[in-house]
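Asks: Fold the following and give me the result.
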Amino acid sequence: MNVAIIGGGNFGTAIANIIARNGHTTHLWMRDSEQVAQTLKARENLRYLPGHPLEANVHPTADLGHATQSSSLIFVAVPSAGFASVCQEMAPYISPDDLLISATKGIEPEGFRLMSQLLGDLTPSQHVGAISGPNLAEEIAEQQYAGTVIATHHQQDAVLVQEVMRNDTLRVYPSADVYGVELGGALKNIYAIVCGLAAGLEVGQNTIGLLVTRALAEMSRFAVSMGGNPFTFLGLAGVGDLLVTCTSPLSRNHQLGSCIAKGMTLDEASESLGKLAEGVNTLQLVYAKSRERDVYMPLVDGLYQILFEQKDIADVISTLMGNSEGADVEFVDPSRWQ
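Replies: Numbering: from 1, shown residues only. The predicted structure is shown next:
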């Protein structure tokens, strides 16, 4: 079948190669025509995924209409800041039966919408979903063993994506909880900054274990407040993605936290990395939403104080450690006395 990947970054390119290896004609849309020309000449995305040649049936293009009109399965893998505008651009080429899958982790500030919600709101498609999980693009491109989650509202849509993507090194698990799967992918970026900050302070492994598990508790608590299923966070799109992003130096959010720990300001750290990490924008949105809904999220509060209120890191840590302890495990709590 014909498949379109909208977005020529590292993850979009990695997905394109996966699908092409399974025998599908894959159109890889890039906004920059110069990048398209360079990629066609080198048969490699030198800008975002160097060292990984494109499969023969991956066709880079700057023609959004051609890429989308010729495909009934479309993955959208552009940065969240430009996601809505890309949806609007491709809307005239989309039919109600086209299956649109978000491969972007983030939150749209207007209406606190996730990316698949934008696909549904801004295009004619009646079939939308999202993929999410511990999926570092470089490792996917190297064909290291990995798993991802495909979340859709219709079971047959998930089955189709499984058939198109799964191979000997990538397992693709289905889920009906589209909101929960996407929310996990967005929230974990906040805690990657927290763990990067901890790594920069050279804390012990016990501390990382504490941070990751309390992060999971906060994510689940927030999901419930938004109508999500907390048990989704026990899978690849929750704890799996959280663990990888919070411990990998490949994560831009983790790198940002490490820079902050070394004394850089947010602006200095962002300039050092070349762009603002996704978790910074997500932090601002979740901080405001958690206060609006009165959700207890001390790690979110503490990171916000460090990044935007210039609070001293040691003082924030002292406050966090002085908070009273609630239940270790919420929702199903084996320690609750009768």
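
Asks: make it CA atoms for all contacts and neighbour counts henceforth
Replies: OK.

Asks: what ranges do the strands span in the chain?
Replies: 2-6, 25-29, 58-61, 73-76, 99-102, 107-108, 113-114, 127-132, 146-152, 170-175 (DSSP state E).

Asks: and those as a markdown table, adding distance to residue 257 and mean neighbour count?
Replies: A markdown table is the format used below for the strands of the chain (distance: least, Cα to Cα, whole Å; neighbours: other Cα atoms under 10 Å):
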| stretch | distance to residue 257 | mean neighbour count |
| --- | --- | --- |
| strand 2-6 | 30 | 26 |
| strand 25-29 | 32 | 27 |
| strand 58-61 | 35 | 24 |
| strand 73-76 | 28 | 24 |
| strand 99-102 | 26 | 26 |
| strand 107-108 | 20 | 23 |
| strand 113-114 | 24 | 18 |
| strand 127-132 | 22 | 27 |
| strand 146-152 | 25 | 24 |
| strand 170-175 | 30 | 18 |
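
Asks: quick one, which of the ones you listed is nearest to residue 299?
Replies: strand 107-108 (18.8 Å; Cα to Cα).

Asks: Nearest to residue 287 among the strands of the chain would be which one?
Replies: So among the strands of the chain, strand 107-108 is nearest, using Cα to Cα, at 12.6 Å.

Asks: Now find how far off-centre that closest one is within its chain.
Replies: With Cα atoms, centre = their mean, to the nearest Å as the basis, strand 107-108 stands 11 Å off its chain's centre.

Asks: ok, now stretch 193-202?
Replies: Taking Cα atoms, centre = their mean, the mean C-alpha location of stretch 193-202 is offset from the chain mean by 20 Å.

Asks: Outline the domain layout of this protein.
Replies: Structural domains annotated on the chain: 2-176, 180-322, as defined by automatic domain parsing.

Asks: Just the endpoints, please. Distance across the first one?
Replies: When the termini of domain 2-176 are compared using Cα to Cα, to the nearest Å, they are 25 Å apart.

Asks: about what we covered before: dump the strands of the chain to CSV, plus distance to residue 307 and mean pLDDT.
Replies: Below are the strands of the chain laid out as CSV (distance: least, Cα to Cα, whole Å; pLDDT from 0 to 100):
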stretch, distance to residue 307, mean pLDDT
strand 2-6, 32, 98
strand 25-29, 35, 98
strand 58-61, 39, 98
strand 73-76, 30, 98
strand 99-102, 29, 98
strand 107-108, 19, 94
strand 113-114, 24, 96
strand 127-132, 27, 98
strand 146-152, 31, 97
strand 170-175, 35, 97
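
Asks: nearest to residue 271, of these?
Replies: Comparing the strands of the chain by Cα to Cα, strand 107-108 comes nearest, at 22.3 Å.

Asks: And for residue 12, the neighbour number?
Replies: By the criterion of other Cα atoms under 10 Å, residue 12 has 25 neighbours.

Asks: Check what pLDDT it gets.
Replies: pLDDT recorded at residue 12 is 97.

Asks: Phi and psi next, for the residue nearest to it when sequence neighbours are not counted.
Replies: In space, and not counting its chain neighbours, residue 12 is closest to residue 77: 5.5 Å by Cα to Cα, 6 or more residues apart in numbering. Note on residue 77: backbone dihedrals following degrees, to the nearest 10 are phi -130, psi 60.
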